[in-house]
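> coords below, sequence missing:
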């Protein structure tokens, strides 16, 4: 298995070197995408074969708890999922591409293959590799290409990726009922994609109601939370973790609605509101992670406003007495701490 991993790294390194020999101005990148896709399929198939060949039979414990990355057999699919994304990011930086669909289409294929392996081999946190890879790819694309005629197309791909990750654990809910990883990745999909969508909408379709954007992002985790709570409680610890992830992410987007409408210190206000919201949720979903994260966010908001005297210098109050940004920022943060 280690030998196949070494071959995987060397193969993709050779492909990366070949990328730098392609003509920047004239190459469409099609042949490069075909090679990357072909090798990805090859190594995914090799990972499944080796897993089945060398002790791939699933035990009852593996089926209920899932395998972790400490298992070398799980590391090969993880590298097979991540390394092609690195090549695609290099391709974006190297070549001048106008249409994102070929690159994102191959990325979608890699995501589907990775999620399929996670289901087939019961590797609970393998989907995080696919999410990290596709998110990094989209950030690289948006940093390289200004919003233009393809903005609507890019937004469509972003929505599609969110939908795939969000639906995945529910499609295979019987397989992942006692696990946390796939559900956590589904909740995090919106968190990683929100900055991308927000910047794209802000640059391409500027408007005065940007607070509606986090409201739309809150809908998916809220619906997911309702679906989990309505499901029979067959595995209570895992169900608690799943509820905490979706509840925390839903509250994150809900608390972003109001600060995003303000001009100053909206991030600090988001920390304070999210912190108190997580502590509220902790009393209903008693997960220790909610309490620690909520306290950490409140401490960060306090430090940002109280320990940073420069804040009153680089953002002076308006000419309006009392009813200015000092009141709503410090007032809301104080209310949250109280």
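Everything's here; your move. For clarity, every value in this text was computed on a predicted model and none was experimentally measured. Numbering: from 1, shown residues only.
> And the helices in the stretch 151-300 of the chain, which stretches?
According to DSSP state H, counting those that start in this stretch, the stretch 151-300 of the chain carries its helices in the segments 151-171, 173-176, 181-204, 212-230, 236-261, 266-282, 288-306.
> tell me the average confidence for the second one?
In this model, helix 173-176 carries a mean pLDDT of 86.
> starting at the chain centroid, how far to it?
In terms of C-alpha atoms, centre = their mean, to the nearest Å, the centre of helix 173-176 is found 21 Å from the chain centre.
> The residue lying closest to residue 218 once chain neighbours are set aside: neighbour count?
Leaving aside its chain neighbours, residue 218 sits nearest to residue 253 (3.7 Å; criterion: C-beta to C-beta, 6 or more residues apart in numbering). Placement of C-beta: from N, CA and C, glycine included. Neighbours of residue 253 under the rule other C-beta atoms under 10 Å: 24.
> Could I get the helices of the stretch 151-300 of the chain in CSV, plus columns for distance to residue 82?
Listed next are those as CSV, based on distance: least, C-beta to C-beta, whole Å:
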stretch, distance to residue 82
helix 151-171, 16
helix 173-176, 21
helix 181-204, 14
helix 212-230, 25
helix 236-261, 22
helix 266-282, 30
helix 288-306, 26
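> Nearest to residue 135, out of those?
Of all those, helix 181-204 sits nearest to residue 135, with 4.4 Å by C-beta to C-beta.
> Check which residues of the closest one are buried.
Using 16 or more other C-beta atoms under 10 Å as the test for burial, helix 181-204 gives 181-194, 196-198, 200-201.
> just stretch 220-235 next, same as before
Buried residues in stretch 220-235, counted by 16+ other C-beta under 10 Å: 220-222, 224-225, 228, 235.
> which one of the helices of the stretch 151-300 of the chain lies closest to residue 127?
Of the helices of the stretch 151-300 of the chain, nearest to residue 127 by C-beta to C-beta is helix 181-204, at 4.2 Å.
> tell me what the closest one is packed against?
Other elements packing on helix 181-204 under the criterion 3 or more C-beta pairs under 8 Å, 6 or more residues apart in numbering; DSSP states H and E are helix 127-144, helix 151-171, helix 212-230, helix 236-261.
> Quick one: mean pLDDT for it?
93.
> Give me the angle between it and helix 127-144.
Helix 181-204 runs at 10 degrees relative to helix 127-144, counting by axes from the mean of the first three to the mean of the last three C-alpha atoms, to 10 degrees.
> Select the helix or strand of the chain having the lowest average pLDDT value.
The helix or strand of the chain with the lowest confidence, counting by mean pLDDT, DSSP states H and E, is helix 60-65 at a mean of 50.
> circling back: so what's the residue nearest to residue 218 up against?
190, 194, 214-215, 217-218, 221 (C-beta atoms under 8 Å, 6 or more residues apart in numbering).
> 10 Å instead?
With contact set as C-beta atoms under 10 Å, 6 or more residues apart in numbering, residue 253 has these partners: 190-191, 194, 213-222, 260, 270, 274.
> Out of those, the closest to residue 2 would be?
Nearest member of the contacts of residue 253 to residue 2, counting by C-beta to C-beta, is residue 191, at 34.3 Å.
> isn't that closest one right next to residue 249, touching?
Yes. Using C-beta atoms under 10 Å, residue 191 is in contact with residue 249, at 6.0 Å.
> Can you pull the residues that touch both of the two?
Residues touching both residue 191 and residue 249 by C-beta under 10 Å, 6+ apart: 217, 221.
> Report how many residues lie close to residue 128.
By other C-beta under 10 Å, neighbour count at residue 128 equals 20.
> all helices of the stretch 1-150 of the chain, in order?
Along the stretch 1-150 of the chain, counting by DSSP H, counting those that start in this stretch, helices occupy 2-19, 30-53, 60-65, 72-94, 101-121, 127-144.
> how about low-confidence regions in the stretch 201-338 of the chain?
In the predicted model, the stretch 201-338 of the chain carries pLDDT under 70 at residues 232-236, 262-264, 312-318.
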